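S.K.: Here is my input; please provide its structure:
(chains A and B)
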Amino acid sequence: MEKVFMKGCEAIAEAAIRAGCRFFAGYPITPQNEIPEYFSRRMPQPDVRGVYLQGESETASAAMLFGAGATGTRSMTSSSSCGISLMSEAIGWMAGSCLPVVICNVVRGGPGIGSIQPAQQDYFQATKASGNGGFRMLVLAPSTVQEAVDMTYRAFDLAQKYMYPVYILCDGFTGAMMEPVVLPEMMSDEAIAAEKKKNESWAVTGRKGAAKGKRIHCGTRHGIPSTLEEKNIADWKMYEQWKIDEVEYECYKTEDAELIITAYGVSARISRSAVDILRNEGYKVGLIRPIKVHPFPEIAYEQLDYDKLRGILCAEMSIPPQFAYDVEAVVRKRTPIATCLRSGGEIIERSAIIDAAKRLYGDK
Amino acid sequence: MENTILIGGIGGQGVMVFGQLLCYTAVETTDKYVTYFPSYGMEKRGGTSNCYVTISDDPVGAPKAEKASYVVVLADPAMDKFQNTLLPGGTMFVDSSVCTKKTHRTDVDVVEVPAGEIARELGDARVANLCMIGAFIGYTQVLPPEKVLATAFKKVGSKRPELNALNEAAFYRGLEIGTAARGRKKDAN
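M.R.: From the prediction side, this is the model:
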């Protein structure tokens, strides 16, 4: 397969198009600008013939995604951090309406307007509270540009499978960097039409040609209070099922490890090379990397041999830490936990991870 | 073997283009792992701008290298910010017609290229970047010069075809300077 050298954001957009995404609405914000820019060029082309819309705001763009998602068309939006916050109302509505859409957050520093530089400070927002009402989403966290491509491609199938929004949590580093990637195959027009047909039973079709045409798709599909609880319960059951079917993580050199470094996204990529360096120096170190950060891969930490462990080091680009809280919750004080953190747009250094790991490792 | 290259300058000088031309050429002509990471402020022009390029035999763990084998300095702020990033024994490339500052480092090689001057002499200040790239390639020989130039024609030439001839001339002037500096270093060793 031919490798092309692409920026993370552009690769995400191309992967979405190849996965059959034919509607994108968004609003400019660094560091995700290359996603809408790429869609704006690519959507009108003859092999795509999709719709690109720049909304007047993030709020409007997310509402447009709600509308497009309600027609059963494979649809997507993207933004960065504070832009995603503006979208949270519509994201909640889409979860409430069970729409199979894809949302990508290319994370920058925060809180508020923060910085335009890369960060991992939206972990809680992505995994626990992307809007009101306690809904959760599958949250995929790429750590290389290739993984961003593969995850985006898969996200549309996952959204369709569960009839629910899927969230791509991509740090600004992976979005901004360039790397060679192999792109997936372009979904054929026939395959895209077949996917859309699966949504016929619920998708809005307008009035055209049918007196009973579905015109309204607003609020929950079970819009009366007595069945809203039923919907909440059904969603909850789905989240619980995800813990069985959708957990995804990677263990790297963990078999004989006495110290575990754990991280996701770009921090995991950097941590992995820290593991290699530490191993060369004789330290028995391994890496646990959640590939999806929700559902959280508790099993990866449960299966560790705590009698053997000197500790777990959480590396993330967020101060205060967020991901580390999920690790703490599953480790339950069975081994010391330390953190290696940067924030506000500063990139985590491999040397700092190595130093922190050595401190936690103690005397060899 | 991992070559890490840090290019620092001011928005509008072609910092990103410098890094991208190296990357595109490396991806097309070698089997190496290549990463590129840009870093810039809010400004389109005038703010500090830099990028990190890694060309490696192994997968790249940290695309924003903490220490670089080569540092390209296109403006004074980049000298201040990045001279200490250079590994001992590494090489610094300086556009000496723009930079007024000299490095305090004594454990590195410095290749001074009057790229701005050469570009003006050739008739267009905008081709200074290709002159610096030429010098970098001539000295490091990390990539075949004709391939780098071909990438430049493809990527830069598609937007500014009228500059192709001047860019080519600037590239070869830089290549000469870089190659000569490499020769001097060899003789000294």
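
S.K.: so what secondary structure elements neighbour the top helix by length along chain B?
M.R.: The longest helix of chain B (DSSP state H) is helix B:164-188. Where contact means 3 or more C-beta pairs under 8 Å, 6 or more residues apart in numbering or on different chains; DSSP states H and E, helix B:164-188 is packed against strand B:109-113, helix B:115-122, helix B:128-140, helix B:145-155. In this view, the C-beta of every residue, glycine as well, is placed from N, C-alpha and C.

S.K.: Could I get the buried residue list for it?
M.R.: For helix B:164-188, burial by neighbour count (16 or more other C-beta atoms under 10 Å in any protein chain shown) applies to B:164, B:166-175, B:177-179, B:181-182.

S.K.: Quick one: residues contacting whichever residue of chain B sits closest to chain A.
M.R.: Nearest residue of chain B to chain A (C-beta to the nearest C-beta) works out as residue B:61 at 2.1 Å. Under the criterion of C-beta atoms under 8 Å, 6 or more residues apart in numbering or on different chains, the contact list for residue B:61 reads A:269, A:270, A:272, A:273, A:274, A:276, A:350.

S.K.: Any figure for the gap between the first one and chain B?
M.R.: Same thing as residue A:269. For residue A:269, the distance to chain B equals 6 Å [C-beta to the nearest C-beta, to the nearest Å].

S.K.: Excluding covalently adjacent residues, which one is nearest to residue 58?
M.R.: Looking at chain A here, since you left the chain open. Computed as C-beta to C-beta, 6 or more residues apart in numbering or on different chains, the closest residue to residue A:58 that is not its neighbour in sequence is residue A:86, at 3.8 Å.

S.K.: Chain B is the one I meant
M.R.: Closest to residue B:58 by C-beta to C-beta, 6+ apart is residue B:33, at 6.5 Å.

S.K.: what's the answer for residue B:2, then?
M.R.: residue B:56 is the one closest to residue B:2 (C-beta to C-beta, 6+ apart), at 4.1 Å.

S.K.: Contacts only, for the one you found.
M.R.: For residue B:56, the contact set (C-beta under 8 Å, 6+ apart) comprises B:1, B:2, B:3, B:32, B:33, B:34.

S.K.: Which residues of the stretch 151-300 of chain A lie near chain B?
M.R.: A:173, A:176, A:177, A:178, A:179, A:180, A:269, A:270, A:272, A:273, A:274, A:276 (C-beta under 8 Å from any C-beta of the partner chain).

S.K.: again, only this time at 6 Å
M.R.: A:176, A:177, A:178, A:179, A:180, A:270, A:272, A:273 (C-beta under 6 Å from any C-beta of the partner chain).

S.K.: one step back: got the buried residues for whichever strand or helix holds the residue nearest to residue A:58?
M.R.: Using DSSP states H and E, residue A:86 falls within helix A:82-96. Buried positions in helix A:82-96, judged by neighbour count with 16+ other C-beta under 10 Å: A:82-88, A:90-96.

S.K.: want to throw those into a markdown table with pLDDT?
M.R.: Putting those into a markdown table (pLDDT from 0 to 100) gives the following:
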| residue | pLDDT |
| --- | --- |
| A:82 | 98 |
| A:83 | 98 |
| A:84 | 98 |
| A:85 | 98 |
| A:86 | 98 |
| A:87 | 98 |
| A:88 | 97 |
| A:90 | 96 |
| A:91 | 97 |
| A:92 | 95 |
| A:93 | 92 |
| A:94 | 94 |
| A:95 | 93 |
| A:96 | 90 |
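
S.K.: Can you tell me which of the residues you listed lies closest to residue A:296?
M.R.: residue A:95 (18.4 Å; C-beta to C-beta).

S.K.: Next up, the contacts around the closest one.
M.R.: Going by C-beta atoms under 6 Å, 6 or more residues apart in numbering or on different chains, residue A:95 touches A:135, A:165.

S.K.: Can you list the low-confidence ranges for chain B?
M.R.: For chain B, applying pLDDT under 70 flags the ranges B:43-44.

S.K.: Quick one: name the residues of it near chain A.
M.R.: Within chain B, the positions near chain A by C-beta under 6 Å from any C-beta are B:23, B:24, B:27, B:35, B:36, B:37, B:38, B:61, B:62, B:63, B:64, B:66.

S.K.: host element of residue A:130?
M.R.: Using DSSP H and E, no helix or strand contains residue A:130.

S.K.: contacting residues around it?
M.R.: Residue A:130 neighbours (C-beta under 6 Å, 6+ apart): A:88, A:91.

S.K.: how much space between it and chain B?
M.R.: 27 Å.

S.K.: Can you give me every residue that contacts residue B:52?
M.R.: Neighbours of residue B:52 in contact, by C-beta under 6 Å, 6+ apart: B:6, B:37, B:64, B:65.

S.K.: before we move on, back to that, nearest residue to the residue of chain B closest to chain A in space, please, no chain neighbours.
M.R.: Nearest to residue B:61 is residue A:273, by C-beta to C-beta, 6+ apart, at 2.1 Å.

S.K.: Just give the number of residues close to residue B:35.
M.R.: Look at residue B:35: counted by other C-beta atoms under 10 Å in any protein chain shown, it has 26 neighbours.

S.K.: correct me, but it touches residue B:51?
M.R.: No. Residue B:35 lies out of contact with residue B:51 (C-beta atoms under 6 Å); the separation is 10.5 Å.

S.K.: re earlier: now, which of the contacts of residue B:52 lie within strands?
M.R.: In strands, defined here by DSSP state E, the members of the contacts of residue B:52 are B:6, B:37.

S.K.: Compare the contacts of residue B:52 and tell me which is most surrounded.
M.R.: Within the contacts of residue B:52, residue B:6 tops the neighbour count with 27 neighbours, counted by other C-beta under 10 Å.

S.K.: Please report the distance of that residue from residue B:51.
M.R.: Taking C-beta to C-beta, to the nearest Å as the measure, residue B:6 falls 8 Å from residue B:51.

S.K.: Okay, buried residues for stretch A:254-268 please.
M.R.: For stretch A:254-268, the neighbour count (16+ other C-beta under 10 Å) marks A:254, A:257-268 as buried.

S.K.: List just the nearest of these to chain B.
M.R.: Nearest to chain B among the buried residues of stretch A:254-268, counting by C-beta to the nearest C-beta, is residue A:266 at 8.3 Å.

S.K.: related to what we said a few turns ago, okay but the residue nearest to residue A:58 is in contact with residue A:55, surely?
M.R.: No. Judged on C-beta under 6 Å, residue A:86 makes no contact with residue A:55 at a distance of 10.4 Å.

S.K.: give me the number of residues near the closest residue to chain B within the stretch 51-200 of chain A?
M.R.: Using C-beta to the nearest C-beta, the closest approach of the stretch 51-200 of chain A to chain B is made by residue A:178 at 3.9 Å. Other residues near residue A:178 number 27, with proximity taken as other C-beta under 10 Å.

S.K.: Could you do residue A:291 as well?
M.R.: 17.

S.K.: in chain A, which segments are predicted with low confidence?
M.R.: Applying pLDDT under 70 to chain A flags residues A:207-226, A:363-364.

S.K.: if you set the cut-off to 80 instead, what comes out?
M.R.: Where chain A drops to pLDDT under 80, the residues are A:1-2, A:205-227, A:363-364.

S.K.: State the distance from the residue of it found nearest chain B to residue A:320.
M.R.: Chain A approaches chain B most closely through residue A:273 (2.1 Å), counting by C-beta to the nearest C-beta. For residue A:273, the distance to residue A:320 equals 26 Å [C-beta to C-beta].

S.K.: More neighbours: those two, which one.
M.R.: Taking neighbours as other C-beta under 10 Å, residue A:273 and residue A:320 compare with residue A:273 leading, 18 against 10.
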